[in-house]
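Chemist: Just the structure for this:
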Amino acid sequence: MSSTSSQIGSGSYSTVTVKGSVAYKTFTRDFVGGKREFEALKVIYTRCSPGAVFFVLKPIAFCEQDNDIEAAFENEVIRPAVGTYLEDTKSPTIPMERISDIPDALKAELGELLGVKPDEAAKIRICLLGIGRNDAESASKSTVNLTNVLLTADMYTKLAVQSKTIHLPPIEQIASGIGEMVSRIHWKAGYDANDIKFVMGGNGNGGIKLYVIDFNLVRTIIFFYLEGIH
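Modeler: Coordinates of the predicted model:
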């Protein structure tokens, strides 16, 4: 993996930069939910990831705005490269395991499905699994986000059938895995699953791996009862 940093995503409250094997989710200074997401990620990673179809990214630490660094788990040493990156960060940041790009061969096949040129298809990193979306909401040649390509159920099924290089799980297994993870997050971790995302990336060894990401809007179940929302 490259030792240079590269921004791969951004939203209203955060940006995601990758460097080496680590992804850094950095929050805007006025966003107060970074520590809350860090705490949720620790619990969900520990309780929900083992044995699941979709994996949860392992958090490494949380860096406060004043550069106070808290390790995610006891007795785990923060690597010097991560510490150095965080020392230069002026906003709250969660370093975590990163998602590898989907394999090059799958990028080429997906590019053919999307109707984009090979050099453009090479820019694809991961796929958002929009199993509940329809094709009208999906990426098209004119609107495709080549960093995070949205795959509807129909598009995923076409890719799985047409792929001659990578074995993709059947759509039924994808849907079942999504339901399983939502259930685990609710019953094992005690959180709702508000605004989480399911994605397909690479496993770093020529295959694919499925992940669940984005926990900045999840809340504990007890929160909703206290607020009278149930």
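
Chemist: Going by C-alpha atoms from here, please, whenever you check contacts or count neighbours.
Modeler: Noted.

Chemist: Just say helix, strand or coil for residue 155.
Modeler: helix (DSSP: H, G, I helix; E, B strand; the rest coil).

Chemist: Quick check: the gap between it and residue 177.
Modeler: 18 Å (Cα to Cα, to the nearest Å).

Chemist: Which one's more surrounded, those two?
Modeler: More neighbours surround residue 155 than the other of residue 155 and residue 177, with 21 against 17 (other Cα atoms under 10 Å).

Chemist: I'd like the distance between that one and residue 109.
Modeler: Distance from residue 155 to residue 109, by Cα to Cα: 12 Å.

Chemist: What segments of this structure are helices?
Modeler: Along the chain, counting by DSSP state H, helices occupy 34-48, 80-87, 104-114, 118-121, 153-162, 171-187, 221-226.

Chemist: Show me what the longest one is packed against.
Modeler: Helices and strands touching helix 171-187, by 3 or more Cα pairs under 8 Å, 6 or more residues apart in numbering; DSSP states H and E, are helix 34-48, helix 153-162.

Chemist: Low-confidence stretches in this structure?
Modeler: 1-3, 30, 134-146, 223-230 (pLDDT under 70).

Chemist: Per the annotation, how does it divide into domains?
Modeler: 6-97, 104-221 (automatic domain parsing).

Chemist: Backbone dihedrals for residue 11, please?
Modeler: phi -140, psi -160 (degrees, to the nearest 10).

Chemist: Show me what stretch 151-168 is in contact with.
Modeler: 105-106, 109-110, 113, 127-135, 138-139, 169-171, 207-208 (Cα atoms under 8 Å, 6 or more residues apart in numbering).

Chemist: Could you pull out the buried residues of it?
Modeler: 151, 152, 153, 155, 156, 157, 159, 160, 163, 166, 168 (16 or more other Cα atoms under 10 Å).

Chemist: I'd like to know how far the last one sits from residue 21.
Modeler: Summarising the geometry, the distance separating residue 168 from residue 21, computed by Cα to Cα, is 24 Å.

Chemist: Residue 217 versus residue 169, what's the distance?
Modeler: 29 Å.

Chemist: that older thread, determine which two of the buried residues of stretch 151-168 are furthest apart.
Modeler: Greatest spatial distance among the buried residues of stretch 151-168 (Cα to Cα): 152 and 166, at 18.4 Å.

Chemist: Spell out which residues sit in contact with the closest residue to residue 104 other than its chain neighbours, please.
Modeler: Nearest residue to residue 104, sequence neighbours excluded (Cα to Cα, 6 or more residues apart in numbering): residue 122, at 6.9 Å. Residues near residue 122 by Cα under 8 Å, 6+ apart: 104, 107, 108.

Chemist: how much space between the second one and residue 173?
Modeler: Summarising the geometry, the distance separating residue 107 from residue 173, computed by Cα to Cα, is 22 Å.

Chemist: Who has more neighbours out of those two?
Modeler: residue 107 (21 against 12).

Chemist: Correct me if wrong: that one contacts residue 120.
Modeler: No - counting by Cα atoms under 8 Å, residue 107 does not reach residue 120; the two are 9.4 Å apart.

Chemist: Hmm, residue 90 is touching residue 65, no?
Modeler: Yes - with contacts counted by Cα under 8 Å, residue 90 reaches residue 65, the gap being 5.8 Å.
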